[in-house]
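> Pasting the sequence and the predicted model now:
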Amino acid sequence: MVGGGRDAFIGAVHRMAAGLDGLIELTCGAFSADPDKSKASGADLFLPADRCYASWPEMLERERTLPDDRRMDFVSIVAPNHLHAPVATAALDAGFPVVCDKPMTLSLSEAQGLARKVESKGLLFALTHNYTGYPLVKEARHRVAAGELGTIRKILVEYPQGWLATAIEDDGQKQADWRTDPARAGASCCMGDIGTHAENLSEYVTGLQITELCADLTTFLPGRRLDDDGSVLLRFDNGARGVLQASQVSIAEENALRIRVYGDRGGLDWSQEEPNTLILKWPDRPREVVRASGPTLSAAATFNTRLPMGHPEGFIEAFANLYRNFALSLDAQRQGVEPQPEWSDFPSVHDGVRGMAFIEAVVDNSAGEAKWTPLR
């Protein structure tokens, strides 16, 4: 692992998710830019001292020299955004597959370069858009792909939060500090941090791609250097229209990610804060409530469901589905066999490129005079 040391948030989530199925074990790490903090963080996790590294270059150099039965098998990157591309590139050059937090890079050009690197090395790369791991998100995707909703006309996706409603970065709150810093977060805070989740979810569920957009970004707090709120009109490649809203200043909102999709035969509604329920909407009969672990779920949803009906599954389990699928795919690749289709169901480097294209188009459109900006 790179990043995720003391005082970090998402690193612990990655570790819980990775370990949930007993397929992945944390063996080493460079957990902080501070060498002492990195080593102390590794000790907190009961790692041997010689696998707690002072820096990620030291980790890559040392690990590649170890024998097969000791060397790490892949790298999980949970550091701030500005480190994603350099660490991922170096890891791939050293022969290690990569799991990377989102957004994938600081810029579209970095993302395109990383995609070329992944292709040239032939190594696995996963991007942790973890909301795609929910069973009923996969069920929603299946229902759309099966044509149950007909031709998709409208996609509404929103992700309001309230945690940046005050300038907590000025008080040294670590997560707010780097996310509002252009040097470490990139061109966007709100759209880069959570708007990309909404963008990815809209494309994953519908199977459509955004072709152009019209955006309005706002920074409500004086002195904050990046956006904390935004609204985007979307056009998709089949002619569908969409609206994407993301906000980190919506007071008292938690993680209210929600997607609604409407076709000419029906619609669906899924909310991350009630993840075990998918609502299907029909023009000629009552709404249908689909529950996780139900007997009519698709193969993809069933494969990613862990518990019997009535036992809630949530954020960690969805995150764990990505790690499990990655581990199964990596094992298959190492054995020279084709992975099962369900195993390959995790976001890829190409999803990361689309995410960065989305961020750049949103920032460019909001700052410019053009009504519509295409995704490059």
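Yep, it's here. Numbering: from 1, shown residues only.
> Now stretch 210-223: buried residues?
Judged by neighbour count (16 or more other CB atoms under 10 Å), stretch 210-223 contains these buried residues: I210, E212, L213, C214, A215, L217, T219, L221. For every residue, glycine as well, the C-beta is placed using N, CA and C.
> Nearest to G310, out of the residues you listed: which one, please.
G310 lies nearest to I210 out of these, by CB to CB, at 36.9 Å.
> Let's see which of the buried residues of stretch 210-223 end up in strands.
Among these, DSSP state E puts I210, E212, L213, C214, A215, L217 in strands.
> Look at the spatially most distant residue from the centre of the chain and give its secondary structure.
Centroid-distance maximum for the chain: D284 at 36.3 Å, with CA atoms, centre = their mean. Following DSSP: H, G, I helix; E, B strand; the rest coil, the label given to D284 is coil.
> what ranges do the strands span in the chain?
Ranges of strands in the chain, per DSSP E, are 75-77, 98-100, 125-127, 152-160, 210-218, 229-236, 241-247, 258-263, 267-271, 277-281, 288-291, 373-374.
> okay if I get these as a markdown table plus distance to R64 and mean pLDDT?
Below are those laid out as a markdown table (distance: least, CB to CB, whole Å; pLDDT from 0 to 100):
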| stretch | distance to R64 | mean pLDDT |
| --- | --- | --- |
| strand 75-77 | 11 | 98 |
| strand 98-100 | 14 | 98 |
| strand 125-127 | 18 | 98 |
| strand 152-160 | 39 | 98 |
| strand 210-218 | 39 | 98 |
| strand 229-236 | 42 | 98 |
| strand 241-247 | 39 | 98 |
| strand 258-263 | 41 | 98 |
| strand 267-271 | 42 | 98 |
| strand 277-281 | 45 | 97 |
| strand 288-291 | 47 | 96 |
| strand 373-374 | 41 | 98 |
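> Rebuild those as JSON lines, extending it with distance to G133.
Listed next are the strands of the chain as JSON lines, based on distance: least, CB to CB, whole Å:
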{"stretch": "strand 75-77", "distance to G133": "15"}
{"stretch": "strand 98-100", "distance to G133": "13"}
{"stretch": "strand 125-127", "distance to G133": "11"}
{"stretch": "strand 152-160", "distance to G133": "16"}
{"stretch": "strand 210-218", "distance to G133": "21"}
{"stretch": "strand 229-236", "distance to G133": "23"}
{"stretch": "strand 241-247", "distance to G133": "20"}
{"stretch": "strand 258-263", "distance to G133": "15"}
{"stretch": "strand 267-271", "distance to G133": "13"}
{"stretch": "strand 277-281", "distance to G133": "15"}
{"stretch": "strand 288-291", "distance to G133": "17"}
{"stretch": "strand 373-374", "distance to G133": "30"}
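> Tell me the spacing between H14 and G192.
19 Å (CB to CB, to the nearest Å).
> what does G172 give?
21 Å.
> So if I had to pick from the two, which one is more boxed in?
Higher neighbour count among G172 and G192: G192, with 25 against 8, using other CB atoms under 10 Å.
> and D181, which of the strands of the chain is closest to it?
Comparing these by their distance to D181 (CB to CB), the top pick is strand 210-218, with 16.7 Å.
> what sits up against that closest one?
Here strand 210-218 makes contact (CB atoms under 8 Å, 6 or more residues apart in numbering) with 188, 190-191, 199, 202-203, 227-237, 242, 354, 358, 361-363, 365-367, 371-375.
> what about that strand, distance to the chain center?
Here strand 210-218 is found 20 Å from its chain centre; the criterion is CA atoms, centre = their mean, to the nearest Å.
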